[in-house]
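# Sharing a model prediction with you, sequence too.
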Amino acid sequence: MCAKWEDSIKGRKLHPESLMMGYGYKPEWSEGSLKSPIFQTSTFVFKTAEEGKAFFEVAYGLRKANEGEGIGLIYSRLNNPDLEILEDRLSLWDGAEAAAAFKSGMAAISTTMWAYLRPGDVLLYSRPIYGGTDHLANFVLPEFGITPIDFDCRDTINSIEARLTRDAPGKRVGLILIETPANPTNDLIDIAMGTELARRHSTDDHKVPVAVDNTFLGPVFQRPLDHGADIVIYSATKFIGGHSDLIAGAALGSEEMMAPVRAMRTFLGTMVGPWTGWLLLRSLETLSLRMTRQAANAARVAEFLRDHDKVLNLHYLGHLDAGHPQFELFKRQCLGSGSMIAFEIPGGEPAAFRFLNALRMVHLAVSLGGTESLAEHPASMTHADVGREEKDRLGVTDGLVRISIGVEHPDDLILDIGQALDAV
Ligand SMILES: *Cc1c(COP(=O)(O)O)cnc(C)c1O
């Protein structure tokens, strides 16, 4: 489609908040329609056979594109106008050159893995991590000859190097995957440490990519590419979609790092469809509004929980203070504290369940980042198949509950959470 979009006035660059309503789409393509239509089509008509041939030459990399020549519309597994507009808009938030939208967050993660990991490689990844990613790393990848090696927020470059030497001597590091803040404890992982590790393990024929799952804070409150990450990944099901009504994912980065991911997506067929792509365009218009309000609500709720006698170990980024080991990293890496809260209720699983069952307005459901607040029990739900020992080490205790704060009135959130704690 069109390579050049208006994104500034009098030389001043407009913000993503302003560009979400029009960037990447021209009303004259669609009878003046203000909003982009849903291009609900599997395939696209070529004007001539010569044009079809030219589109395929570029899409399949048989020749380099000429100046200003994009990939023509061919078939909706390769590209589609709703996806292209979505990818152009997503790129603005993270300052990325290229983006790929996926059918789910797991599709974004797994496709990135297939693009960069080969049999014999090590996947170096941070823990705790999203339960699905944990399962993929520990139960699926080993069947393809890939060795998962984990680290957590207390590790250093030296301790990680020692583990690699001990558990995977001589093996190539294929990919480093970091999830920060980590689900469900909000542990922060230093992205710059990941890029330094990647630098040490890169060779002339394999630059080790650092991929960051930025689902919890991004793209409004954290921009991993600014900290040296190569690829940023999202479950767009969460804040980006933001209404708990769709499943989608995204990966973004430089043209160079994204080319293998986009190629792999074409052949695995993990792209998102036009209808979900269109819904995400609508969601992006209010992304900053929603996330800002959710974060303000979370600050109010966390303040209420801070001194509550039935609340232990409150995991909330906004309460890290200068004495905390993660405070410096938070200041350097994050632009806000987001709206994910976890805390322990004394009394283990029975107490946590009594709390969850007593909630009246906040729904008991996994997932997060939507307009409505959701609460869950990580140890028996999202992180059920993480081993006991790992859970203890990572603070995923039986009394831990996780709440994703929505856009409701903060007084009502405090009322509901307060009465549910009383019921414990
Ligand atoms: C939900 C989630 C995923 C998986 O995304 P899906 O859209 O459910 O496939 C990955 N990472 C994090 C941090 C998540 O919260």
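Everything's here; your move.
# quick one: contacts for the residue of the stretch 151-300 of the chain found nearest the ligand?
As assessed by Cβ to the nearest ligand atom, the ligand sits closest to residue 235 within the stretch 151-300 of the chain, at 3.0 Å. Glycine gets a C-beta too; all of them are placed from N, C-alpha and C. By Cβ atoms under 8 Å, 6 or more residues apart in numbering, the residues touching residue 235 are 104-106, 108, 130, 213, 215, 248-249.
# gap between the closest residue to residue 223 other than its chain neighbours and the ligand?
Distance criterion Cβ to Cβ, 6 or more residues apart in numbering; nearest residue to residue 223, sequence neighbours excluded, is residue 94 at 5.8 Å. Going from residue 94 to the ligand by Cβ to the nearest ligand atom, to the nearest Å gives 16 Å.
# what's the helix or strand for residue 68?
Using DSSP states H and E, residue 68 is not contained in any helix or strand.
# So what's the predicted local confidence for it?
Residue 68 carries a pLDDT value of 79.
# so residue 167 makes contact with residue 151?
No: judged on Cβ atoms under 8 Å, residue 167 makes no contact with residue 151 at a distance of 11.4 Å.
# report the longest helix in this protein, please.
Ranked by number of residues, the top helix in the chain under DSSP state H is helix 287-306.
# and residue 62, what pLDDT?
On the pLDDT scale, residue 62 is placed at 87.
# neighbours of it, just the number please.
9 (other Cβ atoms under 10 Å).
# so what's it up against?
Contacts for residue 62 (Cβ under 8 Å, 6+ apart) come out as residue 56.
# run the last query once more with 10 Å
By Cβ atoms under 10 Å, 6 or more residues apart in numbering, the contact list for residue 62 reads 53, 56.
# Offset the numbering so it begins at 7, please.
Happy to do that; since the first residue is 7 now, the last one works out to residue 68.
# Assign it to helix, strand or coil.
coil (DSSP: H, G, I helix; E, B strand; the rest coil).
# Now do the phi/psi pair for it.
Residue 68 adopts backbone torsions of phi -70, psi -30, taken as degrees, to the nearest 10.
# ok, it to residue 53 distance?
20 Å (Cβ to Cβ, to the nearest Å).
# before we move on, back to that, looking at residue 173 and residue 157 now, which is surrounded by more residues?
Set residue 173 next to residue 157 and count neighbours by other Cβ under 10 Å: residue 157 wins out with 22 against 12.
# Quick one: mean pLDDT for whichever helix or strand comes after the longest helix of the chain?
On the C-terminal side of helix 293-312, the closest following helix or strand by DSSP H and E is strand 318-321. Averaging pLDDT along strand 318-321 gives 95.
# and the gap between the residue of the stretch 7-156 of the chain found nearest the ligand and residue 299?
For the stretch 7-156 of the chain, the residue closest to the ligand is residue 111, as judged by Cβ to the nearest ligand atom, at 2.3 Å. Distance of residue 111 to residue 299, given as Cβ to Cβ: 23 Å.
# Residue 310 too?
17 Å.
# What of residue 152?
Counting by Cβ to Cβ, the gap from residue 152 to residue 299 is 41 Å.
# in this protein, which spans are helices?
According to DSSP H, the helices that the chain contains are 22-25, 55-65, 87-100, 111-122, 137-141, 163-173, 197-207, 261-274, 280-290, 293-312, 333-339, 354-364, 394-400, 416-428.
# Select from these the stretch with the lowest mean pLDDT.
Set side by side, these show their lowest mean pLDDT on helix 394-400, which sits at a mean of 88.
# ok, back up a step: and the helices of the chain: which comes nearest residue 388?
Proximity to residue 388 (Cβ to Cβ) singles out helix 137-141 among these, at 4.6 Å.
# Name the nearest residue to residue 429, ignoring sequence neighbours.
Among residues not flanking residue 429 along the chain, residue 364 sits closest, at 3.7 Å (Cβ to Cβ, 6+ apart).
# Also residue 45?
residue 87 (4.6 Å).
# Contact partners for that neighbour?
The neighbourhood of residue 87, defined by Cβ under 10 Å, 6+ apart, consists of 7, 30-31, 35-36, 42-45, 47, 50, 79, 280, 283-284.
# Can you give me the distance of it to residue 241?
According to Cβ to Cβ, residue 87 and residue 241 sit 24 Å apart.
# which residues pair with residue 81 across the strands?
Beta-bridge pairing of residue 81 under DSSP bridges involves residue 49.
# how many neighbours does it have?
By the criterion of other Cβ under 10 Å, residue 81 has 15 neighbours.
# wait, doesn't it sit right on residue 89?
No: with contact defined as Cβ atoms under 10 Å, residue 81 does not reach residue 89; the gap is 11.9 Å.
# How far off centre is the longest strand belonging to the chain?
Assignment by DSSP state E gives strand 179-185 as the longest strand of the chain. Per Cα atoms, centre = their mean, to the nearest Å, the displacement of strand 179-185 from the mean C-alpha position of its chain is 14 Å.
# What are the buried residues along stretch 265-274?
Under the neighbour-count criterion of 16 or more other Cβ atoms under 10 Å, stretch 265-274 has 267-272, 274 buried.
# Using CSV, write out every CA atom in it.
As requested, the backbone C-alpha atoms of stretch 265-274 are provided in CSV (Å, rounded to 0.1, in the frame of the first residue of the first chain):
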residue,chain,number,x,y,z
ALA,A,265,11.7,-10.6,8.1
PRO,A,266,12.2,-14.3,9.3
VAL,A,267,9.2,-14.0,11.6
ARG,A,268,7.0,-12.6,8.9
ALA,A,269,8.2,-15.3,6.5
MET,A,270,7.5,-18.0,9.1
ARG,A,271,4.1,-16.6,9.7
THR,A,272,3.2,-16.9,6.0
PHE,A,273,4.1,-20.6,6.0
LEU,A,274,2.7,-21.5,9.4
